[in-house]
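Visitor: got a structure for you, letters missing:
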């Protein structure tokens, strides 16, 4: 509803007064521990639900770029081996899946693509549209829904149980979408979850603004 209003002449235009409501159900503060221990940060967004997740992603990108800059200047060096961090625990990674009805509704699209290309070693971004075909060569994305297979692939990163153990998942979007993803990831019933996989409620959060 809000996206349609913002894209129509009868909706958002100069002089229109809108109301804002502040709040939120989660936040993520990037730390050196997340980097060293190989956290898998998974951001799942639907429609305008990208907004709080974009803030998290911008924070993480800024943190990592500053860290890399310091390393290049010789002011800071990674000491993972000296601190007992095992190689097989994995590296810090971020996976963002962003779903919208149409390409025109994928806000921040250009910025996220630029970050994904620049930081391909630890950041992956998948764009999904549900009501419009992408067209070969037109863009990087898929036409489908954020279903169970897509969600678990992002959470596990091809590492199965080890990937799940390192995962922190944040979800924001329409109520139907967020409720379904909660069921997939932390639902109480085994039926309906692929392979009976499950995360703990402490492994992330869901932003619900309605």
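Guide: Now that the structure is in, tell me what you want to look at. These numbers come from a predicted model, not from an experiment.

Visitor: And the residue nearest the centre of this protein?
Guide: Of all residues in the chain, the one closest to the mean position by CA atoms, centre = their mean is residue 43, 1.7 Å from it.

Visitor: Report the secondary structure state of that one.
Guide: When classified by DSSP: H, G, I helix; E, B strand; the rest coil, residue 43 comes out as strand.

Visitor: repeat for residue 168
Guide: At residue 168, secondary structure determined by three-state DSSP is strand.

Visitor: Please name the bridge partners of it.
Guide: With DSSP bridges as the criterion, residue 168 is bridged to residue 41.

Visitor: Do you know the pLDDT at it?
Guide: With respect to pLDDT, residue 168 has a value of 94.

Visitor: pretty sure it is touching residue 41, no?
Guide: Yes - between residue 168 and residue 41 there is a contact at 5.3 Å, judged by CB atoms under 8 Å. Quick note: C-beta positions are derived from backbone N, CA and C, even for glycine.

Visitor: More neighbours: the two, which one.
Guide: residue 41 (23 against 19; other CB atoms under 10 Å).

Visitor: show me the contacts for that one.
Guide: Contacts here follow CB atoms under 8 Å, 6 or more residues apart in numbering; on that basis residue 41 touches 28, 34, 56, 60, 92, 93, 94, 95, 167, 168, 170.

Visitor: Could you rerun that using 10 Å?
Guide: Residues in contact with residue 41 (CB atoms under 10 Å, 6 or more residues apart in numbering) are 28, 30, 34, 56-57, 60, 92-96, 122-123, 166-170, 204.

Visitor: from those residues, which ones fall inside helices?
Guide: 34, 56, 57, 60 (DSSP state H).

Visitor: Buried ones from these, can you make that a PyMOL selection?
Guide: To isolate the buried ones among those in PyMOL, judged by 16 or more other CB atoms under 10 Å, type:
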select buried, resi 34+56+57+60
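
Visitor: For residue 125, which non-adjacent residue is closest in space?
Guide: Counting by CB to CB, 6 or more residues apart in numbering, residue 116 is the residue found nearest to residue 125 once chain neighbours are left out, at 4.2 Å.

Visitor: Now do the one helix or strand residue 179 maps to, average pLDDT.
Guide: Assigned by DSSP states H and E, residue 179 falls within helix 175-186. If you average the pLDDT over helix 175-186, you get 88.

Visitor: helices and strands around it, which ones?
Guide: Applying 3 or more CB pairs under 10 Å, 6 or more residues apart in numbering; DSSP states H and E, we find helix 175-186 packed against strand 40-46, helix 148-156, strand 167-172, strand 204-207.
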